[in-house]
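Asks: have a look at this fold, sequence not included:
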C-alpha cells in the first residue's frame, strides 16, 4: 500500500520548486494560483529568497505547502492509500485527500503562520532537540526543567529524537539536565516555542479561523499528528488542527500506524528529505522515495 508523507516548517530552502515551475505546467499553475490568493509573489520568494524572508513563519508555511502540492500535481495527482504530514504538512495531506481545497489551505496556513508568529512575540520561547534518550527519560528531563518555567515535549520524531519547547530558561535547563544524562542536544533556530502551551493564543485564533473553512470527509486515510490515528469527520479535523498548535507532534507514532496498517511504499513529497531521514531511524528497512524537484520525476 502506498503512503504519501509531507514535510513541515524547516524544510524550506531557496530555489525550492523552481525546476518544477519551469518544467511542469501543473506545478506552475499551483504557484501562480498561490501568488494571486496571497497577494504577493510567493514563487519569487521560493525561487530567489532572500532566505530571511523565506524562513518567516507566515511565508514558509504557505511556501512549503505550495511546493509540496506542486510536486504532487507534477506527479499527476496520484492516489494513495494513506497520507500524513509533519505539523504544517498535515494541511498538505488534507489537500491531497480532498478534505480541504488548495485555495482554502494556502490562505489558512498563511494565517496559521501569522498567528504562531504573533504568539511567539507575545510569549517568547525556543526549542531544542534531545538525542539518544528514550521517552521516559525525556519526560523526566521536562519534569525537572519545569522548575525554571514552561517546557513540554513538542515532537516525538523518531526513537532517540525528541524535541522540547517552551520558555527559554526552562528549555536551557532541560538541555543541561539532558546532557547530564548523556544526551546530545541541538538548539533549534526557531522564532518561537511551537507545539507548546505558549502557543495558546495562536490556537484560539486558529479555532475561530477554522470555523469558516470548508472541510470534507477525506477520501483516503489521513493520520493526525495529535493522535497518530486517522481523522475521519470535518468536525474532528477542525478540532485536531486547532489542538495541534499546542500539542506534541506524534510523528514516530504516526509512521508506525501507517506501517501497521499495511503501508509499505512511501513517498516524501515536497522540499527536503527530513522525513526519509526519520524513517531510517524508525524502520531502517523501509525506503522512502523523495519527490522534490523536477529531476526526481524525470528518471
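Replies: All right, it came through fine. Quick caveat: nothing in here was measured; it's all calculated off a predicted structure.
Asks: what's the helix or strand for the closest residue to residue 179 other than its chain neighbours?
Replies: Leaving aside its sequence neighbours, residue 179 sits nearest to residue 185 (C-beta to C-beta, 6 or more residues apart in numbering; 5.8 Å). Using the backbone N, CA and C atoms, a C-beta is placed for each residue, glycine as well. Following DSSP states H and E, one finds residue 185 within strand 184-187.
Asks: residue ranges of the strands in the stretch 51-200 of the chain, please?
Replies: Counting by DSSP state E, counting those that start in this stretch, the segments of the stretch 51-200 of the chain that form strands are 82-85, 126-131, 151-158, 161-166, 184-187.
Asks: please compute how far the third one lies from its chain's middle.
Replies: Just to be clear, that refers to strand 151-158. Centre-to-centre, strand 151-158 and its host chain are 13 Å apart (C-alpha atoms, centre = their mean, to the nearest Å).
Asks: check the second one too.
Replies: Counting by C-alpha atoms, centre = their mean, strand 126-131 is centred 16 Å from the centre of its parent chain.
Asks: and the angle for it with strand 161-166?
Replies: 160 degrees (axes from the mean of the first three to the mean of the last three C-alpha atoms, to 10 degrees).
Asks: against residue 11, how distant is the residue of the chain most remote from its centre?
Replies: Going by C-alpha atoms, centre = their mean, the residue of the chain most distant from its centre is residue 180, 30.2 Å out. With distances taken as C-beta to C-beta, to the nearest Å, residue 180 is found 32 Å from residue 11.
Asks: before we move on, the earlier item: touching, the residue nearest to residue 179 and residue 173? I think so.
Replies: No - between residue 185 and residue 173 there is no contact under C-beta atoms under 8 Å: 11.5 Å.
Asks: so who does the residue nearest to residue 94 when sequence neighbours are not counted touch?
Replies: Spatial nearest neighbour of residue 94, excluding adjacent residues (C-beta to C-beta, 6+ apart): residue 100 at 4.6 Å. Under the criterion of C-beta atoms under 8 Å, 6 or more residues apart in numbering, the neighbours of residue 100 are 91, 94, 108, 213, 214, 215, 216.
Asks: and the pLDDT for residue 100?
Replies: Residue 100 carries a pLDDT value of 98.
Asks: next: the one 4 residues further on.
Replies: According to the predicted model, the pLDDT of residue 104 comes to 98.
Asks: can you tell me which residues contact it?
Replies: So residue 104 contacts 213, 214 (C-beta under 8 Å, 6+ apart).
Asks: start at 570 instead
Replies: Yes, from this point I'll number from 570; that puts the last item at residue 673.
Asks: what about the chain, any weak spots by pLDDT?
Replies: 868 (pLDDT under 70).
Asks: can we see that at 50?
Replies: By pLDDT under 50, the chain contains no weakly predicted segment.
Asks: helices of that one, start to end?
Replies: 587-592, 594-607, 611-617, 620-623, 626-643, 658-665, 671-691, 704-714, 737-749, 769-779, 803-813, 820-829, 843-851 (DSSP state H).
Asks: the first one: which residues count as buried?
Replies: Counting neighbours by 16 or more other C-beta atoms under 10 Å, one finds that the buried residues in helix 587-592 are 587, 588, 589, 590.
Asks: could you check how far the last one is from residue 666?
Replies: Here residue 590 is placed at a distance of 24 Å from residue 666 (C-beta to C-beta).
Asks: check residue 647 too.
Replies: 13 Å.
Asks: neighbour count winner among those two?
Replies: residue 666 (22 against 12; other C-beta atoms under 10 Å).
Asks: I'd say that one and residue 787 touch.
Replies: Yes - at 3.7 Å, residue 666 counts as touching residue 787 under the criterion of C-beta under 8 Å.
Asks: how is this structure carved up into domains?
Replies: Listed by automatic domain parsing, the domain ranges of the chain are 571-690+766-866, 694-756.
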